[in-house]
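In: curious how this folds, go ahead:
(4 chains)
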Protein chains: 2
Amino acid sequence: MVKEQQPPKFRRAPPTVRREALIEATLACLRKYGHEGLSVRRIGAEAGVSPGLITHHFPSVSALIAASYETLSMSLLHSIGRHAREADVSPRERLQRFYEAWFAPALIEPGLFNTWLVFWSMTSHDAGVRAVHDRTYAAYRAALESLLGQLHRSEGVPRFRLRPAAIALAALLDGLWIEASINPRTFRAAEAVALCEDWTSALCEGAFPSLLVAPRSLGRRRAGRGMRQ
Amino acid sequence: MVKEQQPPKFRRAPPTVRREALIEATLACLRKYGHEGLSVRRIGAEAGVSPGLITHHFPSVSALIAASYETLSMSLLHSIGRHAREADVSPRERLQRFYEAWFAPALIEPGLFNTWLVFWSMTSHDAGVRAVHDRTYAAYRAALESLLGQLHRSEGVPRFRLRPAAIALAALLDGLWIEASINPRTFRAAEAVALCEDWTSALCEGAFPSLLVAPRSLGRRRAGRGMRQ
DNA sequence: GCTGTTATTGTACAACCGTATAGCAGCGTG
DNA sequence: CACGCTGCTATACGGTTGTACAATAACAGC
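Out: The predicted structure follows:
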């Protein structure tokens, strides 16, 4: 009987780290293969693990997707927000840095876009994924509201309603990000940033009538049509 | 030999109308089942036709998707544009009607959103679908440029660069449409229209610095950073 | 009414999917 | 060194998928 010193067939890991590794593998697969990437076999191969392990650690594959969604979106929001939170610059400049981080090359990438499409396409079927979206979008909007709120208290900036302002800015950012992801040749990153900066300028000048809060006297035309705060 | 008068097993159709019927069935399937809907068997069942017919009329399934993409997006653009093109109202009001059509209940529907997600997710893999996107997005932007161009020549509206303005407006519309499609409870249609109207107001007041063309003298801060027209 | 064209069907194929489950094996514990 | 817990593998199952291809039958032209 020859005593072959062969390496172990697999290594054990505590559930927490294995779960995290599976989430990371899932994100890698979605990035590389898009919709075709969310198969248990492909994810297992990416993580160097058998397909059965996934159903062992997650109740179903959609639960794994939901967890991956939460991980990625919080990671991105934190990473982008860090650029805006550093140093002591003016609120206006903080926003600009946020925009620049948003349209940085790392974010404008087909893989990331395809990953997001998979998440979005599951919101209608899976309640768990939809819950993650709602929580994530709320956090994203809260970050924007925070940045806009600082602007709020600057010299010469009229008061405006934060929530709809953040909704509009989020929409503008998303829309530009999508087109840039699908076809990077439509416009350059600097142009996208300039368009967002324009939006900020208009906000600071009070050029968005329905966002202004209680524009008593001084008849700006079309003084808002009652959006709820 | 009994002469049974049984109906024919199938009916022949000229390639053109069969192709169109298949496209219609594809759109119905995508609307109902999303990503799961683009299988030859499901589409065939929807059209009351055998699965093999699809590969007979289309070189591949992705060609069918591309054709469906083109059909739907042109149909939508035309349908929405019709509301804005009718009667003789002011350019400003034309834009508002466009916004209202954009956020009408028929457009804010999970089925339509999921259909769009399928199209988007194929742009990275399939060259044909990407070509359709580019053509479609250009037509969409051209429609916006036309509407904005009319605004352009109104009294008191400063000159601005059409192309980037249309890009920004398209992004705002898309972003709002997406969030409304995923979670209709985030905001109401009227709020989305108000946010777009705000954007128009700011544009007319010249509150978007980088969009202004040749703002000679009159030092507005941050006079654009050279976006190409 | 017969014939030829061809749109259409039906089936076979190989590959893939998610889930369930029985048993192997790493590794902490004694 | 042996034991046992349990993370993990491997396989089987019934289902799906897109494509290929031979056979069939609708229907127009003669």
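
In: the residue nearest the centre of chain A and B:Ile178, how far apart?
Out: Among the residues of chain A, the one closest to the centroid is A:Ser73, at 4.6 Å (C-alpha atoms, centre = their mean). Distance, A:Ser73 to B:Ile178, by C-beta to C-beta, to the nearest Å: 15 Å. C-beta: built from backbone N, CA, C; applies to glycine.

In: hmm, stretch A:64-72 in reach of chain B?
Out: No. Applying C-beta under 8 Å from any C-beta of the partner chain, one finds stretch A:64-72 separated from chain B by no less than 12.5 Å.

In: pick out the residue in chain A sitting closest to DNA strand C.
Out: As assessed by C-beta to the nearest atom of the strand, DNA strand C sits closest to A:Ser39 within chain A, at 3.0 Å.

In: may I have the phi/psi pair for that residue?
Out: The phi/psi pair for A:Ser39 (degrees, to the nearest 10) reads phi -100, psi 140.

In: equivalent analysis for the one 4 residues further on, please.
Out: With angles defined as degrees, to the nearest 10, A:Ile43 shows backbone torsions of phi -60, psi -40.

In: ok, A:Gly206 next?
Out: Phi and psi for A:Gly206, reported as degrees, to the nearest 10, are phi 70, psi 30.

In: so who does it touch?
Out: Neighbour list for A:Gly206: A:157-158, A:160, A:212, A:220 [criterion: C-beta atoms under 8 Å, 6 or more residues apart in numbering or on different chains].

In: do A:Leu203 as well
Out: Taking C-beta under 8 Å, 6+ apart, we find A:Leu203 in contact with A:148, A:151, A:157, A:160, A:165, A:211.

In: around DNA strand D, pick out the residues from chain A.
Out: A:9-15, A:18, A:44, A:48-53, A:56-57 (C-beta under 7 Å from any atom of the strand).

In: would you mind listing what in chain A touches DNA strand C?
Out: Within chain A, the residues that sit near DNA strand C (C-beta under 7 Å from any atom of the strand) are A:8-12, A:36, A:38-42, A:51-52, A:55-56, A:60-61.

In: ok, A:Arg94 - contacts?
Out: When contacts are counted by C-beta under 8 Å, 6+ apart, A:Arg94 touches A:84-85, A:147, A:150.

In: report whether it is found in a helix, as I expect.
Out: Yes. The assignment for A:Arg94 by DSSP: H, G, I helix; E, B strand; the rest coil puts it in a helix.

In: and the pLDDT at it?
Out: Looking at A:Arg94, its pLDDT is 93.

In: the one 3 residues further on too?
Out: A:Arg97 is assigned a pLDDT of 94 by the prediction.

In: what helix or strand is it located in?
Out: Element membership for A:Arg97 (DSSP states H and E) is helix A:91-102.

In: now swap in A:Ile23 and tell me
Out: Assigned by DSSP H and E, A:Ile23 belongs to helix A:15-33.

In: in strands, which of the residues of chain A next to DNA strand C appear?
Out: Nothing among the residues of chain A next to DNA strand C maps onto strands, per DSSP state E.

In: buried ones among those residues?
Out: A:38, A:40, A:42, A:61 (16 or more other C-beta atoms under 10 Å in any protein chain shown).

In: ok, of the residues you listed, which one's closest to DNA strand D?
Out: Ranked by distance to DNA strand D (C-beta to the nearest atom of the strand), those are led by A:Val40 at 9.1 Å.

In: list the contacts for the closest residue to DNA strand D within chain A?
Out: Closest to DNA strand D within chain A is A:Gly52: 2.7 Å, counting by C-beta to the nearest atom of the strand. Counting by C-beta under 8 Å, 6+ apart, A:Gly52 makes contact with A:40, A:44.

In: quick one, grab the pLDDT at it.
Out: The model reports A:Gly52 with a pLDDT of 93.

In: gap between it and A:Arg41?
Out: For A:Gly52, the distance to A:Arg41 - C-beta to C-beta - is 10 Å.

In: my guess is A:Ala67 meets A:Ile23, correct?
Out: Yes. Using C-beta atoms under 8 Å, A:Ala67 makes contact with A:Ile23 at a distance of 5.5 Å.

In: neighbour count: the two, which is higher?
Out: Set A:Ala67 next to A:Ile23 and count neighbours by other C-beta atoms under 10 Å in any protein chain shown: A:Ile23 wins out with 22 against 19.

In: under the pLDDT cut-off, which ranges of chain A? List them.
Out: Scanning chain A for pLDDT under 70 picks out A:1-6, A:214-229.

In: looking at the residues of chain A next to DNA strand D, which are in helices?
Out: A:15, A:18, A:44, A:52-53, A:56-57 (DSSP state H).

In: need the buried ones from the residues you listed selected in ChimeraX.
Out: Filtering these down to the buried ones (16+ other C-beta under 10 Å) takes a single ChimeraX command:
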select /A:18,44,53,57
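
In: adding distance to A:Ala190, write the ones in helices among the residues of chain A next to DNA strand D out as TSV.
Out: Listed next are those as TSV, based on distance: C-beta to C-beta, whole Å:
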residue	distance to A:Ala190
A:Pro15	46
A:Arg18	43
A:Gly44	42
A:Gly52	49
A:Leu53	45
A:His56	48
A:His57	44
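
In: out of the ones in helices among the residues of chain A next to DNA strand D, which is nearest to A:Ser79?
Out: A:Ser79 has its nearest neighbour among those in A:Arg18, at 24.4 Å by C-beta to C-beta.

In: ok, the nearest residue to A:Ala63 once chain neighbours are set aside - contacts?
Out: Of all residues not flanking A:Ala63 in the chain, A:Gly128 sits nearest, at 6.1 Å (C-beta to C-beta, 6 or more residues apart in numbering or on different chains). Applying C-beta under 8 Å, 6+ apart, we find A:Gly128 in contact with A:62-63, A:66.

In: next step: these restricted to helices.
Out: A:62-63, A:66.

In: export those residues to a markdown table and append columns for neighbour count.
Out: Output for the ones in helices among the contacts of A:Gly128, formatted as a markdown table (neighbours: other C-beta atoms under 10 Å in any protein chain shown):
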| residue | neighbour count |
| --- | --- |
| A:Ser62 | 16 |
| A:Ala63 | 16 |
| A:Ala66 | 22 |
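
In: could you list the buried residues of stretch A:175-188?
Out: For stretch A:175-188, burial by neighbour count (16+ other C-beta under 10 Å) applies to A:175-182, A:186-187.

In: residues making contact with that stretch?
Out: A:102-103, A:107-110, A:112-113, A:189, A:192, A:195-196, B:120, B:123, B:130, B:133-134, B:137, B:164, B:167-168, B:170-175, B:178, B:227.

In: next, the distance between the ends of it.
Out: End-to-end distance of stretch A:175-188 (C-alpha to C-alpha, to the nearest Å): 14 Å.

In: much appreciated, bye for now.
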